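Asker: need the 3D shape of this:
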Amino acid sequence: MACSAQDSTLIGLCDGQLDPKRHRSSFLTNKVGGEPDWPPVFSRLSPRCGLCGGLSVHVVQVYCPLQASPYHRTLHLFACPRPDCSGRSESWTALRSQSLEAPGRPGPLPAPAPLVSDWCESADDWGMEDGFDGWGGGPDRIQDPQELGGEVPPVCDADVSQQLQHLCLSESGDPPVFCPFFINVVEESDLYGEDEELEHAQELLRDYERREKMEVGMLEESSCSIEKYEKTDAKHGDAAFSRFMKTISLCPQQILRYCRGGKPVFISKPPSSMAQLLSACSSCGGSRTFELQLMPALVHYLQRKDRSSEAELEFGTVLVYTCSTSCWTSGSESAVEEFCFVQTDPDQQLFK
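Answerer: Next up, the predicted model:
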C-alpha cells in the first residue's frame, strides 16, 4: 500500500476474522489486533504506556512501503488498555520497522508499490500455496540487511535504544490481545461511483467549503467576535466535527484513512500549538508528515480474545505522523518510534 498527497486517500475496512489455525500472517499483512508481526531480524518488543508504565495492547498493523524504496515498511500501533489512560496521546505508541527485500524473490519492491492490490485484490484469497502467505510473504523472503548492504539515506548517530526506553522485550504478564481481523481497502474516489456522481459530490463539497470560509472570514473581521461566535456556533455547530462527519458519510464503516503527505481530518478543532506538539523524528531529528489516522468505527472491532468485559479503548481519531524521509539505519534491529496525536469523540463528553 502506498499513497502520495496527489493520489486518492485509501480507506481501510475491517474484513474477515484472521483465524491463526487457517491463516498465516506476517509483517506484510494488514490487520487489526492479534499479535504484532515483526521482520525476522527484529526483537519482539512490547511498548509501555507513557502514562502508567503498563504494557500496551497491539491495535493495528499496516504494511506501507514507499514508492521507489528498497525497503519493506510496516507501522504498528499500540495503546494502553487501562480506562484511565484511554483517549490520551501519551498512552499510544506508533512503531515503524523496515527491512530490505531479498534479491531474486517476487515482491512489490523496488517497483512502485500498488495503491490497492496489497489490500484488495487478494483479500478473498488468503494464499497458502507455494509456501507464501496471501500477501506475498514467505518464510525465507527477507534476509538480514547486514548481508545485503546498500546505500541508505543519511541519518544521525542517535542511539535508538535510548529513544525507546519505554519499550521492553516480551515478558510474563503479557497484555490483553484483541481479536484479529484482516483489513481490506478501497480508494476513496471509488466510493463516489460514476463520474457524474463524483462531480456532483465534489461540487457539493466545494459549496460547503466556500460557506465555511465565508463564515470564518466574517467572524475574524467582526469587532464583536465573541458575540458573533456564539450566534454562529448556535446556528452551525462545531465546524470541525461537521467536516469530519461529512468526510466519512460516504463510508461510515471505515476504520482508517491512509494518505502519506496528505491532510488529516480532525474530529474537533486542533490546538493552536499543533506545530509545536508535532515533535521531530526521534531517530534523525527531521520533520514529520501525516501518514494515516484511525477512525471511530474501529472501536467496535477491538474486542478482547479472552472475552473480558473490561472497558474497550475509547477515541475519536488517532493521527499518526511519521518521519518525512522515513529514515533508516542499515542493519538496524529496532523499530523507530513515530508520533501519535489522539482526539476524543466529542459525544463521549455527554456520558461523563
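
Asker: just checking, C179 touches R304?
Answerer: Yes: here C179 reaches R304: they are 7.4 Å apart, a contact under CB atoms under 8 Å. C-beta coordinates here come from the backbone N, C-alpha and C atoms, glycine included.

Asker: shared neighbours, those two?
Answerer: Shared contacts of C179 and R304, defined by CB atoms under 8 Å, 6 or more residues apart in numbering, are absent.

Asker: can you list the residue ranges for strands in the chain?
Answerer: According to DSSP state E, the chain carries its strands in the segments 10-17, 31-32, 45-47, 57-63, 71-79, 92-100, 167-169, 181-187, 256-258, 288-294, 317-323, 336-343.

Asker: got any ranges where this structure has weak pLDDT?
Answerer: Residues of the chain meeting the criterion pLDDT under 70: 1-7, 101-173, 193-202, 212-237, 309-311, 348-352.

Asker: mind listing the residues bridging to V185?
Answerer: Per DSSP bridges, the residues bridged to V185 are G12.

Asker: neighbours around it, how many?
Answerer: If you count neighbours by other CB atoms under 10 Å, V185 ends up with 23.

Asker: quick revisit: figure out which of the strands of the chain is closest to K269.
Answerer: Nearest of the strands of the chain to K269, taken as CB to CB: strand 336-343 at 9.4 Å.

Asker: now do L294 against G316, distance only.
Answerer: For L294, the distance to G316 equals 9 Å [CB to CB, to the nearest Å].

Asker: quick one, which of those two is more surrounded?
Answerer: Ranked by neighbour count (other CB under 10 Å), L294 and G316 place L294 first, with 27 against 22.

Asker: ok now do the more buried one, which residues does it touch?
Answerer: Contact partners of L294, counting by CB under 8 Å, 6+ apart, are V59, V60, L77, I255, L256, F315, T317, V318, V320.

Asker: tell me which of those residues is nearest to E188?
Answerer: Distance to E188 across those (CB to CB) is lowest for L256, with 11.8 Å.

Asker: got a list of what the closest residue to that closest one other than its chain neighbours touches?
Answerer: Nearest non-adjacent residue to L256, counting by CB to CB, 6 or more residues apart in numbering: G12, 3.8 Å away. Neighbouring residues of G12 by CB under 8 Å, 6+ apart: N30, V62, W119, I183, N184, V185, Q254, I255, L256, R257, Y258.

Asker: JSON lines for those residues, including distance to C49?
Answerer: Conversion of the contacts of G12 to JSON lines gives the following (distance: CB to CB, whole Å):
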{"residue": "N30", "distance to C49": "25"}
{"residue": "V62", "distance to C49": "21"}
{"residue": "W119", "distance to C49": "30"}
{"residue": "I183", "distance to C49": "24"}
{"residue": "N184", "distance to C49": "30"}
{"residue": "V185", "distance to C49": "29"}
{"residue": "Q254", "distance to C49": "27"}
{"residue": "I255", "distance to C49": "22"}
{"residue": "L256", "distance to C49": "22"}
{"residue": "R257", "distance to C49": "25"}
{"residue": "Y258", "distance to C49": "25"}
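
Asker: wait, which of those residues is closest to V299?
Answerer: Relative to V299, the closest of these is I255; by CB to CB it sits at 9.0 Å.

Asker: test my guess that that closest one contacts L292.
Answerer: No: the pair I255 / L292 is not scored as a contact, 10.8 Å apart, by CB under 8 Å.

Asker: from S332, how far off is P70?
Answerer: In this view, P70 and S332 are 14 Å apart by CB to CB.

Asker: should've said C49
Answerer: Distance, C49 to S332, by CB to CB: 24 Å.

Asker: compare those two (neighbour count), which wins?
Answerer: More crowded of C49 and S332, by other CB under 10 Å: C49, with 24 against 19.
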